[in-house]
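> Pasting the sequence and the predicted model now:
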Amino acid sequence: MDYDINFEKIKKKLENSGAKKVLLQLPDGLKNDYAVFEEKLKGCYELFFWLGTCFGSCDIPTFVKSLGIDAIVHFGHFKFKKGETRL
């Protein structure tokens, strides 16, 4: 995997957030590398992967609240605009 992803920064933010269930949303080009994401981000929370289609950071699976997901980490698209909520 040859991407510039700061896994330590993401992991620290997740741990500081107190999240217990974290959904990782990967675009098609990164889904084959899910094991790398799992290994680098494992911590004091449970990781889940969204393997369905993903058309951008606004494409959040509607069922996540019913599963008790506390945080979503979205990869592969541009940063949110200033003023939008990010973890």
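Received, thanks. Numbering: from 1, shown residues only.

> what about the longest helix in this protein?
helix 7-17 (DSSP state H).

> what comes up buried for the next helix-or-strand element following that helix?
Downstream of helix 7-17, the next assigned helix or strand under DSSP states H and E is strand 21-25. Within strand 21-25, the residues scored as buried using 16 or more other CB atoms under 10 Å are Val22, Leu23, Leu24, Gln25. (Glycine included, C-beta is placed from N, CA and C.)

> Reformat the residues you listed as JSON lines; add pLDDT and distance to Phe37.
Shown next, in JSON lines, are the buried residues of strand 21-25 (pLDDT from 0 to 100; distance: CB to CB, whole Å):
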{"residue": "Val22", "pLDDT": "95", "distance to Phe37": "11"}
{"residue": "Leu23", "pLDDT": "92", "distance to Phe37": "12"}
{"residue": "Leu24", "pLDDT": "92", "distance to Phe37": "6"}
{"residue": "Gln25", "pLDDT": "89", "distance to Phe37": "11"}
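
> ok, those residues vs Phe49, which is closest?
Checking those against Phe49 with CB to CB, the nearest one is Leu24 at 5.2 Å.

> If anything else comes up later, I'll come back, but that's it for now.
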